[in-house]
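# Just to be clear, the model below is a prediction. Sequence and coordinates:
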Amino acid sequence: MGTTRLETVPEPKYRHLKTVLSEALDSEFTVGEILPNERDLAARFGVARATLRQALEQLELEGRLQRRRGVGTTVAPPRVGVDVNPARHSWPGAPGDAWQAEDCQETVPPAAVARTLGTDTGRPVYAVQRVRMTHGQAVATETLYVPAASVPGMSGIETEAGAARGRAVLRELNRLELGGQERAVELGSARAEDARRLDRLPGAPVLVVTTRYLAAGGTAAVALSTYRADTCRLTFGDSAGVPLLAG
């Protein structure tokens with residue numbers, strides 16, 4: 001990067017600096033590339049490091065940059081569209097699903113999930129752990145809760161806990177006729193385990209999507225998906241390129 005100094009501008013200096021930095025990201029850097037340190041960047045643009053930090057924070061909120069522990073500030077990949085259109089129906093694990101099964105255990109679900117599933121309090125269900133990757137980075141994690149009644153075929157399948165068992169649960173779930181989906185989206189803070197899997201700090205902003213899968217007049221499964229708010233945007237139907245929520 002060459003040396004560029006900001007001239008006096010009528011708007012706050014950090015906003016103008018953000019624009020200049022954004023143009024530099026487009027012309028001089030590639031996805032995943034590490035930016036120079038703050039001291040070098042501040043010297044290049046002739047600004048105080050406090051002003052530089054403000055501009056970098058704004059670019060991170062907009063999804064242009066990522067701050068990774070032990071790595072530094074890198075250029076972020078394009079945001080992943082989170083389709084919240086209830087008209088699009090498919091089971092987890094169906095062809096074209098972008099998620100990967102990582103693990104599967106039988107565990108007691110949270111009380112709210114048990115009520116939604118209609119299962120007895122304290123009764124274990126299958127909990128399939130999944131991850132969604134883009135450009136080699138995890139952008140979302142998910143726990144899919146499936147009661148045994150939804151996948152009766154699992155009783156005759158002998159697999160140890162792990163990704164293989166998770167895939168088996170998904171295959172059995174796809175045997176059901178999907179009656180519909182209901183989704184709710186809210187902003188949240190990353191829990192310690194989700195933060196570890198997403199390479200974020202605990203408490204980082206995330207999008208939490210709760211999906212209820214319906215079949216045979218009841219709830220067949222419930223998914224709790226946690227998306228990185230800095231790399232994901234909500235989309236609706238065919239307007240996949242239109243962000244409904246900016247980070």
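Received it, and whenever you're ready, just let me know what you need. Every value quoted in this text rests on a predicted model; they were computed, and no experiment measured them. Numbers count the residues shown, from 1 in each chain.
# domains of the protein?
By the assignment in automatic domain parsing, the chain contains the domains 13-75, 80-235.
# pLDDT averaged over the last one, what's the number?
The predicted model assigns domain 80-235 a mean pLDDT of 90.
# Over to it now: how far is its first residue from its last?
Terminal residues of domain 80-235 lie 9 Å apart, using C-alpha to C-alpha, to the nearest Å.
# Burial check on Ala98, number of neighbours?
By other C-beta atoms under 10 Å, 12 other residues sit near Ala98. Every C-beta, even on glycine, is put in place using the N, C-alpha and C of the backbone.
# wait, isn't it in contact with Arg132?
Yes: judged on C-beta atoms under 8 Å, Ala98 makes contact with Arg132 at a distance of 5.5 Å.
# Secondary structure of Asp40: a helix, I assume?
Yes: the assignment for Asp40 (DSSP: H, G, I helix; E, B strand; the rest coil) places it in a helix.
# measure Val47 to Ile34 for me?
Val47 is 20 Å from Ile34, where distance means C-beta to C-beta, to the nearest Å.
# Just want to check the distance between Arg79 and Leu21.
18 Å.
# Helices of the chain, residue ranges please.
13-28, 38-45, 49-61, 111-117, 163-173, 192-198 (DSSP state H).
# now the ones you listed as a markdown table including distance to Leu214 and mean neighbour count?
Below are the helices of the chain laid out as a markdown table (distance: least, C-beta to C-beta, whole Å; neighbours: other C-beta atoms under 10 Å):
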| stretch | distance to Leu214 | mean neighbour count |
| --- | --- | --- |
| helix 13-28 | 43 | 16 |
| helix 38-45 | 50 | 16 |
| helix 49-61 | 36 | 18 |
| helix 111-117 | 11 | 16 |
| helix 163-173 | 12 | 20 |
| helix 192-198 | 26 | 17 |
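# Arg183 is nearest to which of those?
helix 111-117 (12.6 Å; C-beta to C-beta).
# So which elements touch that closest one?
Counting contacts by 3 or more C-beta pairs under 8 Å, 6 or more residues apart in numbering; DSSP states H and E, helix 111-117 packs against strand 218-228.
# can you give me the offset of the strand it packs on from its chain's centre?
13 Å (C-alpha atoms, centre = their mean, to the nearest Å).
# Just the buried residues of it, please?
Thr219, Ala220, Ala221, Val222, Ala223, Leu224, Ser225, Thr226, Tyr227, Arg228 (16 or more other C-beta atoms under 10 Å).
# now swap in stretch 71-84 and tell me
Result for stretch 71-84 [16+ other C-beta under 10 Å]: buried residues Thr73, Thr74, Val75, Ala76, Pro77, Arg79, Val80, Gly81, Val82, Asp83, Val84.
# need these in a markdown table with distance to Gly118, can you?
Formatted as a markdown table, those follow (distance: C-beta to C-beta, whole Å):
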| residue | distance to Gly118 |
| --- | --- |
| Thr73 | 47 |
| Thr74 | 44 |
| Val75 | 46 |
| Ala76 | 41 |
| Pro77 | 39 |
| Arg79 | 36 |
| Val80 | 32 |
| Gly81 | 32 |
| Val82 | 27 |
| Asp83 | 27 |
| Val84 | 24 |
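# Among these, which are located in strands?
Thr73, Thr74, Val75, Val80, Gly81, Val82, Asp83 (DSSP state E).
# Which of those residues sits closest to Trp91?
Distances from Trp91 to those, taken by C-beta to C-beta, are shortest for Asp83, at 14.7 Å.
# Looking at Val47 and Ile34, which is more packed in?
Val47 (21 against 12).
# so that one makes contact with Arg15?
No: counting by C-beta under 8 Å, Val47 stays clear of Arg15, with 11.9 Å between them.
# quick one, phi psi at Gly118?
The phi/psi pair for Gly118 (degrees, to the nearest 10) reads phi 80, psi 20.
# just checking, it touches Gly218?
Yes: Gly118 is within contact range of Gly218, at 6.2 Å (criterion: C-beta under 8 Å).
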